[in-house]
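Peer 1: coordinates for the following, if possible.
(one chain, ligands or ions: 1)
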Amino acid sequence: MRYLVISDIHANLEAFETVMAEAKTIGYDKVLLLGDLVGYGADPNAICEKVRELKPDALIRGNHDKVGSGVESPEGFNAVARSAIKWTYETLTKENREWLAGLPAGPMIVDDTIEICHGTPFDEDAYVFDDLDALRAMHAARRPLCLFGHTHVQVGHYLSRDQFGLATADDQRPLGIPLDAANRYLVNPGSVGQPRDGDPRAGFGIVDIDAREMTIYRVEYPIAQAQARIIEEGLPDVLAQRLALGR
Ligand code: ZN
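Peer 2: Presented below is the predicted three-dimensional model:
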């Protein structure tokens, strides 16, 4: 059984289609989606429709899905995020808005090995920024492999009986993370549509349950096209610029 793990698409159609094509070449059986389908990017309706067609086996909402569909107010958002999410709300069709509003909150148990969440297993909106956050999230997780998104940083942590460390110290991609049955893991597959770890390529992961390994990937996509769409829709220029920087 191989799970494709994707997160933080953020209405970036060019990145999403590239990731799906690449994943198809690599091969997977099921899809896990960790939230933030919309917000920032120029194609929220197309993403909602394509994700529905994809029929993910597990799908949870992100904070931008909540605000973009009107479930929550944009109170905690900065000015740029707020202007993009207002545009998203107004641009989404009624059908897509209602579908997004109905997405379940994480965390969600997938099987004996995997649990997914948007931010952390104890709070869907909390960020894992440092080791302490990561440890707290791992202790809250009910499965040995906890997959999360929200930070847009592709990173993995492990916890063994006497050690806590980085499972992604090597910056080569693709990178295989062997899943030792005695350890716990907390892995962010990276953001499909708006990476913020300095690498502008789209991120995703594949968990191979039988081989006991998770592999994280980066793939180049037509960034200039995604930027042109953002400008075309009148969204803030900075949202186009940051895609090229991966910030
Ligand atoms: Zn996000």
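Peer 1: residue of this protein closest to the ion, please.
Peer 2: Nearest residue of the chain to the ion (Cβ to the ion) works out as Asp36 at 3.5 Å. Heads up, the C-betas are built off the backbone N, CA and C, glycines and all.
Peer 1: find the nearest non-adjacent residue to that residue, please.
Peer 2: Closest residue to Asp36 apart from its sequence neighbours, by Cβ to Cβ, 6 or more residues apart in numbering: Gly62 at 3.2 Å.
Peer 1: and the strands in this structure?
Peer 2: Per DSSP state E, the chain carries strands over the ranges 2-6, 30-33, 58-59, 108-109, 114-116, 145-147, 155-159, 164-166, 175-178, 184-188, 202-208, 213-219.
Peer 1: what comes up buried for the last one?
Peer 2: So that's strand 213-219. By neighbour count with 16 or more other Cβ atoms under 10 Å, strand 213-219 contains the buried residues 214-219.
Peer 1: and the closest residue to Ala228 other than its chain neighbours, how far is that from Ala224?
Peer 2: Spatial nearest neighbour of Ala228, chain neighbours left out: Ala240 (7.8 Å); criterion: Cβ to Cβ, 6+ apart. Between Ala240 and Ala224 the computed distance is 9 Å (Cβ to Cβ, to the nearest Å).
Peer 1: could you do Ser191 as well?
Peer 2: As judged by Cβ to Cβ, Ser191 and Ala224 stand 18 Å apart.
Peer 1: between these two, tell me which one has more neighbours.
Peer 2: Ser191 (29 against 12; other Cβ atoms under 10 Å).
Peer 1: circling back: any chance of CSV for the buried residues of strand 213-219, columns pLDDT and distance to Val5?
Peer 2: Formatted as CSV, these follow (pLDDT from 0 to 100; distance: Cβ to Cβ, whole Å):
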residue, pLDDT, distance to Val5
Met214, 98, 8
Thr215, 98, 10
Ile216, 98, 9
Tyr217, 98, 10
Arg218, 98, 14
Val219, 98, 14
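Peer 1: mind putting these in JSON lines, distance to Arg82 included?
Peer 2: Converted to JSON lines, those look like this (distance: Cβ to Cβ, whole Å):
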{"residue": "Met214", "distance to Arg82": "34"}
{"residue": "Thr215", "distance to Arg82": "36"}
{"residue": "Ile216", "distance to Arg82": "31"}
{"residue": "Tyr217", "distance to Arg82": "32"}
{"residue": "Arg218", "distance to Arg82": "29"}
{"residue": "Val219", "distance to Arg82": "30"}
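Peer 1: Ala11: which of those residues is nearest?
Peer 2: Val219 (18.0 Å; Cβ to Cβ).
Peer 1: the closest one reaches Arg201, doesn't it?
Peer 2: Yes: at 5.7 Å, Val219 counts as touching Arg201 under the criterion of Cβ atoms under 8 Å.
Peer 1: list the contacts of the closest residue to Arg201 other than its chain neighbours.
Peer 2: The shortest distance from Arg201 to any non-neighbouring residue, by Cβ to Cβ, 6+ apart, is to Arg218 (3.9 Å). Residues near Arg218 by Cβ atoms under 8 Å, 6 or more residues apart in numbering: 154, 173-174, 190, 199, 201-203.
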